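J.: my questions are about this predicted structure, shown below with the sequence.
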Amino acid sequence: MPGGSIERMNFETVSVVGLGYIGLPTAAILATHGLQVIGYDVNASVVDTINRGKIHIVEPELDAVVSGVVSAGRLRATHTPERADAYIIAVPTPFRDEHVPDISYVEQAAQAIAPLLEKNALVILESTSPVGTTQQLCKWLAEARPELRFPHQAEDADVHVVYCPERVLPGHVLHELVYNDRIIGGMTPKCSEMAVTLYTRFLRGQCLVTDPRTAEMAKLTENAFRDVNIAFANELSFICDQLDINVWELIELSNRHPRVKILQPGPGVGGHCIAVDPWFIVHSAPKQSQMIRLAREINDRKPHHVVCRVKERARRFSQPVIACLGLSYKPDIDDLRESPAVEIVELLSGERIGSIVVVEPHVHELPARLRDLPDLEMADLHTALERADIVVLLVNHRQFKNVDRRLLMEKVVIDTRGLWR
Ligand code: SAJ
């Protein structure tokens, strides 16, 4: 730890701004560790759901934890921001057209909490953010509260500001929140010390202290690293299709080398993180980010490649039934954000090759993007397979793994995940 003695702040109340995939589990974990947590969200139905002890997202075991802390009176959700000792901002940071980062939700969060800030308050930004966002956050807060000193203005600031990225894997959030190491990018050593004090209330991993710009870049780097590695696997799949080689076998064999660990090709890269965050690096340093940009482009090309393969294989049919298995962006979750499977179904529908039957065991209805498309409906797995001429496996859900292989006989099978090889 840089800096002098650790001032043991006695945090009693924490306000979590944004109760989504990161904010809600974080609020719940803090509440189970003796803190009084106020969750603030602009979405009224989210607030109502949480106050009833329920959750609006799918994440293993989160429902039980939220129900417990709400009924114990340790977590409460609200539409209006309330005063606390510490504020954790976990709002979305999407991009606009041309992959320009949109940090307007961070700005709105700053405006919401600024009037409540008191001397010695701690403000933590957890949202994945372009480099420089934490400094910008300090400026927004300082503009709103000119009578307080902020850490970009003075080392001995009144309000302490830290960037501390979330790095948890959807589907394993409650475990990773506690056991992952945490990067702490304080604007000053004192800011970091305070954040370490708060996180060690529940953290079993280590706190790794740095400055906010390095912390912001570290988060982006982790996801860009994974994106580049998936792009390598996806590029191999293009090459193997061309050379008529089984890419799954190829990767399995290559990975038997002690220093080779190739990831898996798929229908493309989805989710709200890996398909988005590398663009924040490209936007900040476009000339220097050539491989990161190319990886994004390769991964974005994959859904089109899958559609071309379906078109080729569909030529021998007139009006085939195409079963598309899975819509979520990865297995065993309900999250459809940036999902390549949704994009593939939409593109296939636009090709008017035949009729499409979608199977997605984790959602009850088609997403808005697909709802009104012609010749497209949802069905259960068995019905879809019975009716299909062409089966396109898009997500390696557990339910699809042990499908009765007799139902696949005499059908064209395009397995984008290597699940049935
Ligand atoms: N994918 C492949 N091949 C692979 C691995 C993944 O095609 O070998 C695809 C998945 O199918 C999915 C996409 O990549 O469409 C992303 O899935 P993922 O499991 O790699 O990652 P996310 O987006 O669920 O979570 C990532 C994690 N980052 C890293 O592993 C570096 C997580 O730790 C982050 O906290 C999260 O992004 C985030 O919030 O940023």
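T.: Structure received.

J.: what about the top helix by length along the chain and the ligand, any contact?
T.: When the chain is parsed with DSSP state H, its longest helix is helix 212-243. Yes - between helix 212-243 and the ligand, judged by C-beta under 6 Å from any ligand atom, the touching residues are 222-223, 226, 230. Using the backbone N, CA and C atoms, a C-beta is placed for each residue, glycine as well.

J.: need the pLDDT of the closest residue to residue 58 other than its chain neighbours.
T.: Nearest non-adjacent residue to residue 58, counting by C-beta to C-beta, 6 or more residues apart in numbering: residue 334, 4.4 Å away. Looking at residue 334, its pLDDT is 86.

J.: how near is residue 413 to residue 344?
T.: Per C-beta to C-beta, to the nearest Å, residue 413 is found 15 Å from residue 344.

J.: and the strand or helix carrying residue 140 with helix 212-243, angle?
T.: For residue 140, the host element (DSSP states H and E) is helix 133-144. Here the directions of helix 133-144 and helix 212-243 differ by 140 degrees (axes from the mean of the first three to the mean of the last three C-alpha atoms, to 10 degrees).

J.: quick one: distance of the helix or strand harbouring residue 68 to the chain centre.
T.: Here residue 68 sits within helix 62-71, counting by DSSP H and E. What separates the centre of helix 62-71 from the centre of its chain is 22 Å, taken as C-alpha atoms, centre = their mean, to the nearest Å.

J.: now stretch 69-88
T.: Taking C-alpha atoms, centre = their mean, one finds the center of stretch 69-88 at 23 Å from the center of the full chain.

J.: for it, buried residues please.
T.: Within stretch 69-88, the residues that qualify as buried are 69-70, 74-77, 81, 84-88, counting by 16 or more other C-beta atoms under 10 Å.

J.: which of those fall in helices?
T.: Using DSSP H to define helices, the subset of the buried residues of stretch 69-88 located there is 69-70.

J.: and of the buried residues of stretch 69-88, the nearest to the ligand?
T.: residue 88 (15.0 Å; C-beta to the nearest ligand atom).

J.: pull the contacting residues for that closest one.
T.: Counting by C-beta atoms under 8 Å, 6 or more residues apart in numbering, residue 88 touches 14-17, 23, 26, 124, 126.

J.: repeat that for residue 303.
T.: Contacts for residue 303 (C-beta under 8 Å, 6+ apart) come out as 267-268, 340, 343-344, 347.

J.: low-scoring pLDDT stretches of the stretch 51-200 of the chain, where are they?
T.: The model of the stretch 51-200 of the chain has no residue with pLDDT under 70.

J.: residues from it in reach of the ligand?
T.: Within the stretch 51-200 of the chain, the positions near the ligand by C-beta under 6 Å from any ligand atom are 128, 166-170.

J.: out of those residues, which are buried?
T.: Neighbour-count burial (16+ other C-beta under 10 Å) applied to these gives 128, 166-168, 170.

J.: which among the contacts of residue 88 gets closest to residue 137?
T.: Using C-beta to C-beta, residue 124 comes nearest to residue 137 of the contacts of residue 88, at 10.1 Å.

J.: does the nearest residue to residue 394 once chain neighbours are set aside lie in a helix or a strand, and which?
T.: Leaving aside its chain neighbours, residue 394 sits nearest to residue 341 (3.8 Å; criterion: C-beta to C-beta, 6+ apart). Using DSSP H and E, residue 341 falls within helix 340-351.

J.: contacting residues around that helix?
T.: The contact list for helix 340-351 (C-beta under 8 Å, 6+ apart) reads 266-270, 302-304, 306-307, 310-311, 322, 324, 326-329, 336, 356, 358, 367, 369-370, 373-376, 392, 394-395.
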